[in-house]
Every structure is written in structure tokens, then in C-alpha cells.
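K.L.:
Provide a 3D model corresponding to the input given below.
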Amino acid sequence: MRAQSSATDPSQIAVAGQEQGTGPEGIPSARNGGTRGTATPDRPRPRMRPGLGTAQAGLGVVAFSLTFPATAWGLEGFGPWSLVAVRSVLAALIAGGCLLALRIPLPARRHWPGLAVVAAGVVLGFPMLTTLALRSSTTAHAAVVVGLLPLTTALLSALRVGSRPSRTFWVAALAGAAAVAAFTVRQSGGALGNADLYLFAALLVCAAGYTEGGRLARIMPGWQVIGWALVLCLPLAVPAAVVALSYEPVRPTAQAVAGLLWVAAGSQFLGLIFWYRGMAAIGIPKASQLQLAQPLLTLVWSVLLLGEHLTVAAPLTATAVLVCIAVTQRSRG
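P.N.:
Residues are numbered from 1 along each chain as shown. Below is the predicted model:
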């Protein structure tokens, strides 16, 4: 009598990160037995190495640090409503073209509410509110106020996805937030202006978009998260752009067009691809704290590209919050 082997057939073992019918980044691949245009089951995506995740999130921060200077350039030739609407249309066309070229299937219906939060916070809310703020605020001031974004994102992440960073993490995050708050009060003479109110509102909606996008990036590739969020806004962005361009004066200088192209392709699409991939790899709280470097980088760009003159408090505050990065990245959770 032949003994029956209880060993598992190796051919039936799924290789981590390569579900049947999917290729790298979760894109359906005919080579792996899948068919293009066929959605795959939702499973947590395999995580990349933490160092690579940190590097990708860092690239996102570098792209974001150019947003305010590029917006200031864009406002030289476009009105605030025109700038936001046109940048959304351009970014959506780039994202939609990539999704169409690769024949990416539509996300599952249960993911659309989360994508709507990403669209409302990152695609529409943050660009519009910060653009309105920059009409009466310098990029240096706005950049340091936005230094509160890491703490806001970490708080929303704890509430939304149940992340539990260590006490050391929270102490460092609160220290950076306190430095930013002190700078804001000092610069405004003890009273908040309209620009600061716009910026604080922008922090809330952007943190919500980052948190929801980071959660979705664990299931689908980060570029698809921002890609579908941009496409979702296209039916609103196109008529808004037409109306805004008809009412606001347009003077498309080379500098204004360069600013528009960067906020559309760099900040709105490419930067968010790296950002969401990084958040999915190292976690939303730790990735969010890398943005403590963003104010310092933006201050450098504002001097080099816009010729702004900084007060002593601005670089000191930016440096203080930058020091907190090392603490948050070494902390547990």
C-alpha cells in the first residue's frame, strides 16, 4: 500500500505580494494569469522596507515644500479660484490618462466614500484654502503655520485607524506644534488674521485627506488612490474652471504658468504618489511627522525663488520643529 503524503503542493502556495492574476503594484497582469480590467480581491498590500518607505515619504515632502512658492507664482497670472480649478483639471487629466492607459479597474464601491474624503481634503479643500491665505500672507508665514499638519494628521490617524504611537512620539509632536503656535501668535501680534483662519481650516481638511488616503494605500497602490480622487473631482473642476476663467483676469506669464504646472503635476499628483506609498509603508503617524521638515524647506524656496526676507523667528521655529523629526522617527509606533 502506498503511503499518502500530507505535504502541501508547492504550486498551491501563494507568493506574498503576488496574488493570482495580479502583477506588481496590484495591477492585473495577463502574465500572472489575470485579465486586464478585472478587479482583484481587497487584501493588505505587502509592505516595502521601512527605509524605502521613509525615503518615498520624504520625496513627497520635498514636492509639497514647493507648493506655496509655486502657488505664489501662479497667483501672479491667475485668480485664486482659476488657479485651484485649473490645477485640479490638469492633475485629473494626467491621473485619468495613466489609469486609462494601464486599464485599471474601478475601485470597489465601498472605497468610494474614502476616496471622496481624499478628494474633498487634498484635491479641493487644502489647495483652495491655502491659495486664499496666500493672497494676504507670505509663504514663509504660511509654511510655518502648516507645520501643525503633522500633529493634526497623527491625531486624526489615532481616531480613524486606531494607531497608537508611544508617549515619546506625542511629546515630540506636541513640542513641534507648540513652537508653531508660538510663532503664529507672535507674527500676528496676538490676534489671528483671516489668512491664519484659512490655514487652520486647511490643516483639518488636509489631515483628513491624508489619513483616509494612507488607509486606502494599504489596499491599493498609492498612485491609484490620488488618481481616482482626482478623477472624482473632474465633473466639478471643469465647470468651475470655465466659470472662474471667465470672471477672473488671466495674465499667463512664463512664471505663472510654471507655478500652475508644478502645483498640478508635482504637488497634486507626483508628490502625493510618493506620500501615500510612504504612509502605507511606515504608518501614517511616523510619515506625518516627516512633514515637520516641510516648513524649513519652504522657507529656503521662498528666499531663493521669491526673494522674501525672513524674520529671525521663522528659521528658528522651522529648525525647532525639524529637530522633532529624529525623535518621532526613533519612537515606537
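K.L.:
From residue 269, how far out is residue 231?
P.N.:
11 Å (C-beta to C-beta, to the nearest Å). In short, each C-beta sits where N, CA and C put it, glycine included.
K.L.:
Of those two, which one has the most company?
P.N.:
residue 269 (24 against 21; other C-beta atoms under 10 Å).
K.L.:
did I read that right, that one in a strand?
P.N.:
No. Residue 269: not assigned to a strand; according to DSSP: H, G, I helix; E, B strand; the rest coil it is helix.
K.L.:
which ones are touching it?
P.N.:
91, 94, 95, 226, 227, 230 (C-beta atoms under 8 Å, 6 or more residues apart in numbering).
K.L.:
between these, which is closest to residue 160?
P.N.:
residue 226 (17.9 Å; C-beta to C-beta).
K.L.:
before we move on, the earlier item: out of the contacts of residue 269, what pair is the most spread apart?
P.N.:
Farthest pair in the contacts of residue 269, by C-beta to C-beta: 94 and 226, 10.4 Å.
K.L.:
And the two? Which one has more around it.
P.N.:
residue 226 (29 against 17).
K.L.:
Pretty sure residue 122 is one of the things the more buried one touches, is it not?
P.N.:
Yes. Assessed by C-beta atoms under 8 Å, residue 226 is found in contact with residue 122 at 7.3 Å.
K.L.:
Could you dump the contacts of residue 269 into TSV and include distance to residue 279 and secondary structure?
P.N.:
Listed next are the contacts of residue 269 as TSV, based on distance: C-beta to C-beta, whole Å; DSSP: H, G, I helix; E, B strand; the rest coil:
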residue	distance to residue 279	secondary structure
91	19	helix
94	21	helix
95	18	helix
226	12	helix
227	16	helix
230	18	helix
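K.L.:
intersection of neighbour lists for residue 226 and residue 122?
P.N.:
Counting by C-beta under 8 Å, 6+ apart, the contacts common to residue 226 and residue 122 are 213, 272.
K.L.:
on that earlier part again, joint contacts of residue 231 and residue 269?
P.N.:
By C-beta under 8 Å, 6+ apart, the residues touching both residue 231 and residue 269 are residue 95.
K.L.:
got the contact list for stretch 227-235?
P.N.:
By C-beta under 8 Å, 6+ apart, the list of residues contacting stretch 227-235 reads 88-89, 91-96, 98-99, 104, 107, 112, 115-116, 118-119, 122-124, 209, 213, 268-269.
K.L.:
how about 6 Å then?
P.N.:
Under the criterion C-beta atoms under 6 Å, 6 or more residues apart in numbering, residues 88, 91, 92, 95, 96, 99, 107, 115, 118, 119, 123 lie in contact with stretch 227-235.
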